[in-house]
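Chemist: prediction below, plus the sequence it came from.
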Amino acid sequence: MLQDDARTASLRAMVEALVRPGDVVADVGTGTGILAFWARRAGASRVYAIDTSDIVRLSSKVAKDNGIDEVFFLQGDAAEVELPEQVDLVFSECLGNFAFGDAMFGALSTFTERWLKVGGRRAPTSVRLYLQPANSGLFWDPLPFWRQPWHGLDLSAFCHAEENRVAVVDTVQSFLWGEPLQVAEFDPFRRPASLQLTAAWDVPEGRLVTGVVGWFEVDWAPGVTLDTSPKAEATHWSQVLFPVPHHEAARGDRLEFQLDIGFSDDEVPRYRWSGCWQAEGGARSDAFVRDSRALFSEGDNGTP
């Protein structure tokens with residue numbers, strides 16, 4: 001991730017925009033400690049660098065090797081860790097694919113309630129989710145493999161899994177149809193318990209739709225935004241693909257789509273997506289329901 005130039009530049013800009021001389025700072029999910037080191041160099045008096053992983057052993061050595069003092073590495077769950085004082089600023093690179101997946105929002109919220117001073121600052125400040133229909137055939141299409149005999153075996157049962165799997169993809173911009181739609185905006189320190197997102201697109205005639213692509217934008221600080229869309233500079237997050245039944249749009253066809261997102265107790269996202277096509281005259285066809293929890297279940301294509 002340190003070699004992800006777009007991510008690195010935006011996070012450094014966040015630190016430089018937010019840290020004030022003398023601040024006490026907490027870096028939640030510090031990883032390599034880079035943000036903590038930047039905060040110290042930006043004028044923070046002390047930085048508490050917190051991570052659940054053993055990586056803090058190496059990060060603390062990096063601090064020592066580079067003569068960076070007053071950065072204190074704490075290994076443990078951010079929701080339970082104890083600090084000797086409250087802090088002026090909390091920041092965290094807490095985002096996974098489609099914003100979710102790093103299982104940090106809950107711990108981050110609890111940490112902030114306990115340790116951020118009244119009137120303190122935190123980052124990131126806002127996350128926005130986007131969706132857009134696509135023909136994923138040239139950048140993601142595993143179904144042909146599963147449909148063909150392999151060493152004399154019929155593996156087609158795995159087609160059901162692929163149809164209910166949310167894939168991380170590097171999208172080809174020229175195979176996106178309609179307009180990208182913002183479907184949600186939320187405060188990452190107060191992540192909703194669930195989200196129900198709806199969208200609809202008029203798809204140009206003759207375009208093949210095989211999935212709906214999703215991505216996020218994040219505001220790290222005022223004036224510091226990172227875009228993970230297909231048109232932006234590539235990041236390690238890429239985009240996600242929600243497969244749908246293949247449909248070649250006729251004149252006037254409109255794709256109606258709903259995405260429900262829930263979370264397990266340990267914050268693993270659960271996706272359920274459904275929709276149908278509406279013809280120019282109003283008739284609906286090709287209805288579908290897909291669910292990431294049905295990945296390895298037996299069944300048909302999830303048709304309602």
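Modeler: The structure has been received and is ready for your questions.
Chemist: for residue 276, which three-state class applies?
Modeler: When classified by DSSP: H, G, I helix; E, B strand; the rest coil, residue 276 comes out as strand.
Chemist: so what's it closest to, chain neighbours aside?
Modeler: Nearest residue to residue 276, sequence neighbours excluded (Cβ to Cβ, 6 or more residues apart in numbering): residue 287, at 4.0 Å. All C-beta atoms are positioned from the backbone trio N, CA, C, and that covers glycine.
Chemist: let me know the pLDDT of the one you found.
Modeler: Residue 287 is assigned a predicted lDDT (pLDDT) of 96.
Chemist: tell me the helices and strands packed up against the host helix or strand of it.
Modeler: Assessed by DSSP states H and E, residue 287 sits inside strand 284-291. Strand 284-291 is packed against strand 239-248, strand 269-278, with contacts defined by 3 or more Cβ pairs under 8 Å, 6 or more residues apart in numbering; DSSP states H and E.
Chemist: quick check: mean pLDDT across stretch 271-280?
Modeler: Here the average pLDDT along stretch 271-280 is 96.
Chemist: select, out of the helices and strands packed on strand 284-291, the one closest to residue 255.
Modeler: strand 269-278 (5.9 Å; Cβ to Cβ).
Chemist: wait, isn't residue 208 in contact with residue 135?
Modeler: Yes: contact criterion Cβ atoms under 8 Å: residue 208 and residue 135 qualify, at 4.6 Å.
Chemist: extract the C-alpha set from the strand holding residue 287 and format it as PDB.
Modeler: Output in PDB follows, covering the C-alpha atoms of strand 284-291 (Å, rounded to 0.1, in the frame of the first residue of the first chain):
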ATOM      1  CA  ARG A 284     -40.700  -5.500 -16.500                       C
ATOM      2  CA  SER A 285     -38.500  -8.600 -17.300                       C
ATOM      3  CA  ASP A 286     -35.300 -10.400 -16.300                       C
ATOM      4  CA  ALA A 287     -35.900 -10.000 -12.500                       C
ATOM      5  CA  PHE A 288     -33.000 -11.200 -10.300                       C
ATOM      6  CA  VAL A 289     -31.900 -11.600  -6.700                       C
ATOM      7  CA  ARG A 290     -28.300 -12.200  -5.700                       C
ATOM      8  CA  ASP A 291     -26.900 -12.600  -2.200                       C
END
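Chemist: tell me how far it lies from the chain's centre.
Modeler: 25 Å (Cα atoms, centre = their mean, to the nearest Å).
Chemist: stretch 232-243 too?
Modeler: 9 Å.
Chemist: that older thread, can you add distance to residue 174 and mean neighbour count and give the helices and strands packed on strand 284-291 back as CSV?
Modeler: Shown next, in CSV, are the helices and strands packed on strand 284-291 (distance: least, Cβ to Cβ, whole Å; neighbours: other Cβ atoms under 10 Å):
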stretch, distance to residue 174, mean neighbour count
strand 239-248, 14, 21
strand 269-278, 22, 20
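Chemist: how about those strands in TSV, adding distance to residue 193?
Modeler: Conversion of the helices and strands packed on strand 284-291 to TSV gives the following (distance: least, Cβ to Cβ, whole Å):
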stretch	distance to residue 193
strand 239-248	21
strand 269-278	12
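Chemist: wait, which of those strands is closest to residue 148?
Modeler: Closest approach to residue 148 among those (Cβ to Cβ): strand 239-248, 17.1 Å.
Chemist: report the angle between that closest one and strand 284-291.
Modeler: 150 degrees (axes from the mean of the first three to the mean of the last three Cα atoms, to 10 degrees).
Chemist: partner strands of strand 239-248, with direction?
Modeler: The strands beside strand 239-248 in its sheet (DSSP bridges) come out as strand 167-169 (antiparallel), strand 208-221 (antiparallel).
Chemist: most packed of these?
Modeler: strand 208-221 (a mean of 22; mean count of other Cβ atoms under 10 Å).
Chemist: and it, average pLDDT?
Modeler: On average, strand 208-221 scores 97.
Chemist: from the chain's centre, how far out does it sit?
Modeler: That offset, for strand 208-221, works out to 9 Å (Cα atoms, centre = their mean).
Chemist: and for stretch 141-155?
Modeler: 30 Å.
Chemist: got the domain ranges for the chain?
Modeler: Listed by automatic domain parsing, the domain ranges of the chain are 5-123, 127-294.
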